[in-house]
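Student: sequence and computational prediction follow.
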Amino acid sequence: MDRFIERFIVFLQGERRASPHTISAYAGDLAAYARFLEERGCTWDGVDRATLRAYLSTLQTSGRSRRTCARKVSTLRAFYKVMHRDKYIARDPMLGIRSPKPEHHLPAFLSAEQAASLAGSQLGDEPQELRDRALVEVLYATGLRVSELVSLDVAQIDHTSREALVQGKGGKTRVVVVGEAALLSVCIYQERGRPRIANRPGEPALFLNRFGGRLSDRSARSVIEAWRKRAGLPGGVSPHTLRHSFATHLLEGGADLRVVQELLGHASLNSTQIYTHVTQSESRKAYQMAHPRARSTNEADEALKTDAV
């Protein structure tokens with residue numbers, strides 16, 4: 001099966017232009033599936049529906065979340081679809097196999113005050129401090145994925161139009177607006193910080209590591225964690241938390257859902273609509289806390305309830 005997994009990886013890299021993270025996840029899923037088949041004495045191109053259902057049952061009883069199980073099934077579906085398309089198998093055994101429905105968790109996000117405290121938690125003038133401030137500001141101002149952030153080149157920031165050209169999932173490009181605070185932080189970093197870090201002629205990356213190369217996803221996550229601690233915010237804050245905060249705050253401010261979809265780079269509006277549930281949930285909480293008649297407050301109200309029953 002290994003050589004067919006390799007062909008599938010080539011498909012992901014070439015046609016789908018998948019990210020390294022996605023490719024690694026798919027490869028891991030298929031390697032685990034191959035081990036399952038080997039233990040049962042089955043070949044990947046000769047599985048029947050009973051074998052696939054046994055594999056799904058193994059996933060569901062393994063303690064993994066439904067979201068993880070759904071992703072693994074999605075991996076198999078994509079793999080067999082490509083193998084059938086390229087005529088390596090006569091039929092697609094995944095046809096008719098349903099994926100487990102993933103849980104829908106409302107995304108965590110920061111309040112506007114928390115986001116401001118995060119951005120203002122470091123005011124130093126060292127090159128890496130200037131870089132980190134620009135990094136935090138850009139994440140919150142644009143809602144970029146961390147992979148999109150570290151992929152930014154200097155030439156992709158247009159200071160005149162206050163926009164950035166972003167390379168998103170699947171190689172798709174989009175234009176995002178960069179707020180004034182973020183743009184100012186980027187300008188200061190480019191003038192006073194980046195030249196002191198850069199030691200590779202012609203390096204295009206905007207955000208550099210201490211060796212002068214492109215900053216990694218992991219390093220960007222470490223920056224957010226360090227700033228989270230300085231700001232005294234609760235754990236669990238990540239670059240994706242800032243992405244969720246960006247979307248939630250735009251909708252709370254009255255932005256159109258399709259505009260937010262475009263800025264986030266979501267292929268489907270369904271992916272963006274979860275943020276409407278977040279804002280509705282917060283609205284309900286605010287109503288319950290603020291409105292004098294949102295909750296029963298005296299014995300007369302309780303009596304009315306009793307009479308109604």
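Tutor: Arrived safely, thanks for sending.
Student: now for residue 211, how many residues are close by?
Tutor: By other Cβ atoms under 10 Å, 9 other residues sit near residue 211. C-beta here means a position set from N, CA and C on the backbone, and glycine is covered the same way.
Student: residue 35 too?
Tutor: Residue 35 has 11 neighbours, counted by other Cβ under 10 Å.
Student: ok, now residue 239?
Tutor: A count of neighbours around residue 239, defined by other Cβ under 10 Å, yields 23.
Student: my guess is it contacts residue 138. True?
Tutor: No - with contact defined as Cβ atoms under 8 Å, residue 239 does not count as touching residue 138 (10.4 Å).
Student: need the contact list for residue 26.
Tutor: 8-9, 12, 18, 75, 78-79 (Cβ atoms under 8 Å, 6 or more residues apart in numbering).
Student: likewise for residue 247?
Tutor: Here residue 247 is in contact with 109, 143, 260, 264, 272, 275 (criterion: Cβ under 8 Å, 6+ apart).
Student: which one of these sits closest to residue 97?
Tutor: The nearest member of those to residue 97, counting by Cβ to Cβ, is residue 272 at 28.4 Å.
Student: ok, that closest one touching residue 263?
Tutor: No - using Cβ under 8 Å, residue 272 makes no contact with residue 263, being 9.4 Å away.
Student: low-scoring stretches of the chain, by residue?
Tutor: Where the chain drops to pLDDT under 70, the residues are 100-107, 121-123, 277-309.
Student: what is the neighbour count of residue 8?
Tutor: By the criterion of other Cβ under 10 Å, residue 8 has 24 neighbours.
Student: got it, and the one 4 residues further on?
Tutor: A count of nearby residues for residue 12, using other Cβ under 10 Å, gives 18.
Student: that one and residue 30, how far apart?
Tutor: Distance, residue 12 to residue 30, using Cβ to Cβ, to the nearest Å: 11 Å.
Student: again, but for residue 274
Tutor: As judged by Cβ to Cβ, residue 274 and residue 30 stand 29 Å apart.
Student: between these two, which one's more packed in?
Tutor: Between residue 274 and residue 30, counted using other Cβ under 10 Å, the more crowded position is residue 30 (22 against 16).
Student: enumerate every residue touching the closest residue to that one other than its chain neighbours.
Tutor: Spatial nearest neighbour of residue 30, excluding adjacent residues (Cβ to Cβ, 6 or more residues apart in numbering): residue 5 at 4.9 Å. Neighbouring residues of residue 5 by Cβ under 8 Å, 6+ apart: 27, 30-31, 34, 79.
Student: count of residues packed around the residue lying closest to residue 19 once chain neighbours are set aside?
Tutor: In space, and not counting its chain neighbours, residue 19 is closest to residue 147: 5.7 Å by Cβ to Cβ, 6+ apart. Using other Cβ under 10 Å, residue 147 has 18 other residues around it.
Student: okay but residue 147 is in contact with residue 22, surely?
Tutor: No - the criterion here is Cβ under 8 Å, and residue 147 misses it with residue 22 at 9.6 Å.
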